[in-house]
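Asker: Quick one, what's the 3D model for this:
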Amino acid sequence: MAARKICLQHRQYITFMQRTKNTMRASLSHHKHHSKRCVATWSPLGTAFNVRANRKLNANQHNVGLFEMADMTSPERFAIAQQKSLSEAENLVRQAVESPTSPEIVVMFDKLSDALCRVADAADFIRVAHPDPEICQAAENALLSISAAVEKLNTCPELHQSLRRLLDNDKVFSSMDEESRIVAKLLMFDFEQSGIHLEEAKREEFVHLNEEVLVLGSHFIQGTQTFSEIQTKHLPDHMRYLFTVDGDKVKIGSLYADNPNDLIREAAFKIFLYPDPGQDQVLNRLLEARHNLATLVGFDSYAQRALRGTMAGTPENVMEFLTKTGDGLLDRVSKEIDIMKKTKGQYNYRDSEIHPWDPSFYMNTAKHDRYNVRGSGYQPYFSLGACMEGLNIIFSNLYGIQLDSVEPENGEIWAPDVQKLAVTHETDGVLGYIYCDFFDRPNKPAQDCHFTIRGGRRLDDGSYQIPRVVINCCFPSPKLDAPTLLTHGNLENLFHEFGHAMHSMLARTRYQHVTGTRCVTDFAEVPSILMEYFANDYRVLRQFAKHYQTNETLPEEAINRLCASKKMFSAYEMQTQVVYAIMDQKYHGKRPLEKSTTDLLFEIQQQFSSLPPVHNTAWQLRFGHLVGYGAKYYSYLYSRAVAARIWHEVFAVDPFSRSTGERYRHQMLAHGGGKDPVGLVANMIGKRPTTDDLVQSLLDEAKL
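Answerer: Okay, the predicted model is just below:
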């Protein structure tokens with residue numbers, strides 16, 4: 001229950017950032033004059049994604065509701081769905097409070113969570129993705145109503161005591177299976193993180209601090225995206241009109257990192273990152289409120305609170321991982337900067353030094369000069385349909401699973417071009433459904449991301465609640481004469497998100513509270529990052545990367561050049577992430593901070609960055625991830641290290657091995673967050689990885 005509260009808070013941050021910004025039945029005869037498309041080579045799955053669908057709601061047919069939820073058919077009925085959810089929750093609360101202490105208490109709590117998530121998870125997606133503003137608002141209202149109910153449950157002493165009695169009863173608790181014990185502990189931990197065990201005055205203080213953190217977080221995000229302004233007179237005439245001019249002011253809203261003009265990049269960097277006292281005050285108040293929140297519930301720091309239960313475990317472990325990685329990268333980054341200098345010297349003979357505003361432009365230039373790689377040259381081989389067929393080939397070989405494009409029911413989808421996939425196992429039948437919302441449209445979330453709509457769980461009759469998820473992308477729509485063509489970066493993102501989706505599909509936990517991606521942050525990204533390795537392995541790519549006009553297979557030499565270009569500056573890029581992650585840890589460590597956030601970042605950059613910091617800049621005031629990933633920004637690097645180790649030690653020998661896939665499915669993915677994540681990783685690589693193991697994995701990834 002309390003976990004639901006934290007989940008909702010995190011999503012509020014992510015949604016805020018997002019806001020600031022079936023099988024196709026159409027006759028191919030409409031396109032017969034475009035013979036170069038070679039549509040005859042497309043599989044049914046490929047056809048479904050290479051030709052844009054245009055389904056419309058039929059008012060004369062029964063409306064099954066969004067995601068086949070009968071009450072999600074209109075703005076008015078969202079209120080009914082929310083009320084049913086709340087009524088069911090009230091009954092389950094009564095049962096949990098009145099029932100004797102037994103293992104069934106955990107089942108009741110999970111049913112309670114499922115009753116609320118059933119509407120809240122769907123509403124959380126619909127409110128940001130549905131094209132109808134009235135339905136978006138209805139979903140927003142439903143989510144707010146359920147969030148308020150969750151807040152109330154988080155302060156329900158009777159619920160807390162019911163769970164407390166279970167954990168204190170050694171005989172009953174020891175008789176429970178591992179997953180049930182873990183879920184019970186997670187529920188109690190989340191309760192206590194919400195301050196329910198505190199005396200009344202401190203509980204009121206906790207509620208106040210929690211609200212303050214939410215408000216300050218939203219304000220900080222807004223501040224990261226505002227324009228910086230400077231009087232036009234302070235910029236030379238030949239520069240000022242390259243930016244946005246508003247009266248007597250120049251407004252700069254980005255770093256212009258890929259602009260070929262060195263002076264433009266320098267001006268944008270120094271103006272956009274110039275310290276904003278108001279934003280600095282918001283950040284300091286946010287960090288202080290988080291620290292007070294953590295100490296109120298018994299932690300030494302916010303980082304200690306945030307890292308409990310993660311694979312890394314403690315702030316000390318995270319810092320050891322980051323500092324060892326940072327130290328190991330220095331020599332490699334120095335060599336990469338030398339390459340940047342040589343490249344810059346060819347274009348700017350007066351100043352070949354690399355400054356913090358230079359890397360993005362000169363890295364791309366050097367990659368092109370050395371490897372002659374342009375994304376547009378690869379796109380014809382990566383039609384969306386071909387890439388979907390590639391995923392199907394991988395999953396079929398590894399797990400015996402087929403991705404089947406199925407016709408959605410009337411009213412089931414929210415946009416006419418959404419595709420519904422049934423994930424079907426060769427013997428177990430349908431394991432779940434994936435809704436693919438792939439094409440750009442106005443007011444749609446711009447990020448590629450995965451949403452859990454319904455988590456899987458074991459039902460009372462022994463059957464399994466089928467999971468449903470959404471994968472959201474923003475690809476261009478197919479044209480009459482060509483399918484949607486992806487860059488290799490798009491392909492990696494698609495495979496990444498399907499890594500999350502298959503985690504949800506293949507999980508078979510007893511409780512939806514820990515199903516699929518509902519696990520600790522530094523473990524949740526492992527399956528998705530692992531899928532990126534498949535997107536870079538030619539043995540995999542040659543199975544599906546076919547030119548959409550000629551059916552020619554992507555040459556091996558071409559993908560080798562592409563992969564080499566991507567690794568060319570991997571050490572520098574990794575070092576940048578290390579600096580941000582250390583900054584995040586320092587900011588959320590013990591207080592008071594020894595220095596201002598700006599001075600502390602300056603010190604971190606001097607120690608761990610190969611480029612000197614720039615005076616009178618404050619990068620941290622533009623770093624929105626401090627809100628959504630407070631004290632957990634390290635997670636992506638940590639997950640990448642784990643995924644690298646699993647790939648190289650398990651999958652690299654044969655990326656299509658069925659025995660390897662079955663082991664991965666049953667010994668890792670199936671358990672979601674229901675088992676110790678480090679133990680699940682050990683199931684795959686044969687040992688519990690040490691910090692040195694993970695550091696070495698990253699350093700191996702960053703080799704020139």
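Asker: Could you find the closest non-adjacent residue to the residue nearest the centre of the chain?
Answerer: The centre of the chain sits closest to residue 449, judged by CA atoms, centre = their mean, with a distance of 5.8 Å. If the residues on either side of it in the chain are set aside, residue 449 comes closest to residue 472, at 5.2 Å by CB to CB, 6 or more residues apart in numbering. To be clear about C-beta, it is placed using only N, CA and C from the backbone, and glycine gets the same treatment.
Asker: still on that earlier bit, so the residue nearest to the centre of the chain touches residue 496, yeah?
Answerer: No. Using CB atoms under 8 Å, residue 449 is not in contact with residue 496, being 9.9 Å away.
Asker: related to what we said a few turns ago, please name the residues that touch the residue nearest to the centre of the chain.
Answerer: Counting by CB atoms under 8 Å, 6 or more residues apart in numbering, residue 449 makes contact with 471, 472, 497.
Asker: 10 Å instead?
Answerer: Contact analysis of residue 449 by CB atoms under 10 Å, 6 or more residues apart in numbering lists 14, 18, 125, 470, 471, 472, 473, 493, 496, 497, 500.
Asker: want to throw those into a markdown table with neighbour count and distance to residue 573?
Answerer: As requested, these are arranged in a markdown table below (neighbours: other CB atoms under 10 Å; distance: CB to CB, whole Å):
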| residue | neighbour count | distance to residue 573 |
| --- | --- | --- |
| 14 | 18 | 23 |
| 18 | 17 | 24 |
| 125 | 26 | 31 |
| 470 | 24 | 29 |
| 471 | 22 | 25 |
| 472 | 22 | 25 |
| 473 | 22 | 23 |
| 493 | 22 | 16 |
| 496 | 22 | 16 |
| 497 | 22 | 21 |
| 500 | 22 | 22 |
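Asker: what ranges do the strands span in the protein?
Answerer: With strands called from DSSP state E, the chain shows them at 228-231, 244-246, 249-252, 401-406, 419-425, 429-439, 449-454, 457-458, 464-465, 468-475.
Asker: Quick check: which ranges of the stretch 351-500 of the chain have low pLDDT?
Answerer: 375 (pLDDT under 70).
Asker: mind running it again at 90?
Answerer: Residue ranges of the stretch 351-500 of the chain with pLDDT under 90: 372-377, 442-447, 480-481.
Asker: same check, this time on the stretch 601-704 of the chain
Answerer: The stretch 601-704 of the chain contains residues with pLDDT under 90 at 702-704.
Asker: repeat for the stretch 151-300 of the chain
Answerer: For the stretch 151-300 of the chain (pLDDT under 90), the answer is 151-157, 189-201, 203-204, 206-208, 210-211, 214, 232-248.
Asker: where exactly do the helices run in it?
Answerer: Taking DSSP state H, counting those that start in this stretch as the criterion, the stretch 151-300 of the chain carries its helices at 157-168, 170-174, 178-193, 200-224, 237-240, 262-272, 277-296.
Asker: what do you get for the stretch 501-650 of the chain?
Answerer: Using DSSP H, counting those that start in this stretch, helices in the stretch 501-650 of the chain cover 521-524, 526-534, 538-541, 556-567, 570-587, 597-608, 625-628, 635-646.
Asker: Reformat those helices into TSV and put distance to residue 138 next to each item.
Answerer: Output for the helices of the stretch 501-650 of the chain, formatted as TSV (distance: least, CB to CB, whole Å):
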stretch	distance to residue 138
helix 521-524	30
helix 526-534	31
helix 538-541	43
helix 556-567	44
helix 570-587	37
helix 597-608	40
helix 625-628	26
helix 635-646	34
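Asker: right, and the ones you listed - which one's nearest residue 211?
Answerer: Set against residue 211 and scored by CB to CB, those come closest in helix 625-628, at 14.9 Å.
Asker: With just CA atoms, put the closest one into CSV.
Answerer: What follows is helix 625-628, C-alpha atoms only, in CSV (Å, rounded to 0.1, in the frame of the first residue of the first chain):
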residue,chain,number,x,y,z
HIS,A,625,17.0,13.8,-12.8
LEU,A,626,17.8,15.0,-9.3
VAL,A,627,14.0,14.9,-8.8
GLY,A,628,12.9,11.6,-10.4
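Asker: before we move on, back to that, hey, what's in contact with both of residue 449 and residue 496?
Answerer: Common neighbours of residue 449 and residue 496 (CB under 10 Å, 6+ apart) are residue 471.
Asker: sorry, back to before: between the contacts of residue 449, which sits nearest residue 399?
Answerer: Closest to residue 399, out of all of the contacts of residue 449 and judged by CB to CB, is residue 500, at 15.5 Å.
Asker: Once you drop chain neighbours, what's closest to that closest one?
Answerer: Residue 500 sits nearest to residue 450 (CB to CB, 6+ apart), 3.8 Å away.
Asker: dump the residue contacts of that neighbour.
Answerer: Residue 450 neighbours (CB under 10 Å, 6+ apart): 434, 469-472, 496-501, 503-504, 516-517, 524, 528.
Asker: and what of residue 275?
Answerer: Contacts of residue 275 by CB under 10 Å, 6+ apart are 596, 597, 598, 616, 617, 618, 620, 621.
Asker: what about the closest residue to residue 71 other than its chain neighbours, how many neighbours?
Answerer: Closest residue to residue 71 apart from its sequence neighbours, by CB to CB, 6+ apart: residue 81 at 3.7 Å. Residue 81 sits with 24 neighbouring residues when counted by other CB atoms under 10 Å.
Asker: who does the residue nearest to residue 500 bridge with?
Answerer: Counting by DSSP bridges, residue 450 forms beta bridges with residue 471.
Asker: measure it to residue 165 for me?
Answerer: 37 Å (CB to CB, to the nearest Å).
Asker: how far away is the residue nearest to residue 223 when sequence neighbours are not counted from residue 121?
Answerer: Distances taken as CB to CB, 6+ apart place residue 279 nearest to residue 223, at 4.0 Å, with adjacent residues excluded. Distance of residue 279 to residue 121, computed by CB to CB: 33 Å.
Asker: If you count surrounding residues, which of those two has more?
Answerer: More neighbours surround residue 121 than the other of residue 279 and residue 121, with 27 against 19 (other CB under 10 Å).
Asker: Check whether that one really touches residue 504, as I assumed.
Answerer: No. In this structure, residue 121 is not within contact of residue 504 by CB atoms under 10 Å, at 11.5 Å.
Asker: what sits in contact with each of the two?
Answerer: Joint contacts of residue 121 and residue 504 (CB under 10 Å, 6+ apart) are 451, 452, 453, 454, 455, 468, 469.
Asker: Throw the residues you listed into CSV and include neighbour count, thanks.
Answerer: As requested, those are exported to CSV (neighbours: other CB atoms under 10 Å):
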residue, neighbour count
451, 24
452, 25
453, 23
454, 23
455, 27
468, 23
469, 28
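Asker: can you give me the mean pLDDT across the longest helix along the chain?
Answerer: Criterion DSSP state H: the longest helix present in the chain is helix 315-345. Average pLDDT, helix 315-345: 97.
Asker: tell me which strands and helices it is in contact with?
Answerer: helix 302-307, helix 359-371, helix 570-587, helix 597-608, helix 635-646, helix 691-701 (3 or more CB pairs under 10 Å, 6 or more residues apart in numbering; DSSP states H and E).
Asker: The ones you listed: which one's closest to residue 411?
Answerer: Per CB to CB, nearest to residue 411 of those: helix 635-646, 37.6 Å.
Asker: angle of the closest one against helix 570-587?
Answerer: Counting by axes from the mean of the first three to the mean of the last three CA atoms, to 10 degrees, helix 635-646 points 130 degrees away from the direction of helix 570-587.
Asker: and helix 635-646, what other elements does it pack with?
Answerer: Counting contacts by 3+ CB pairs under 10 Å, 6+ apart, helix 635-646 packs against helix 315-345, helix 521-524, helix 526-534, helix 570-587, helix 677-685, helix 691-701.
Asker: sorry, back to before: isn't the residue nearest to residue 449 up against residue 447?
Answerer: Yes. Residue 472 is within contact range of residue 447, at 7.2 Å (criterion: CB under 10 Å).
Asker: and stretch 535-546, how far out from the chain's middle?
Answerer: Mean C-alpha position of stretch 535-546 versus that of the full chain (CA atoms, centre = their mean, to the nearest Å) differs by 24 Å.
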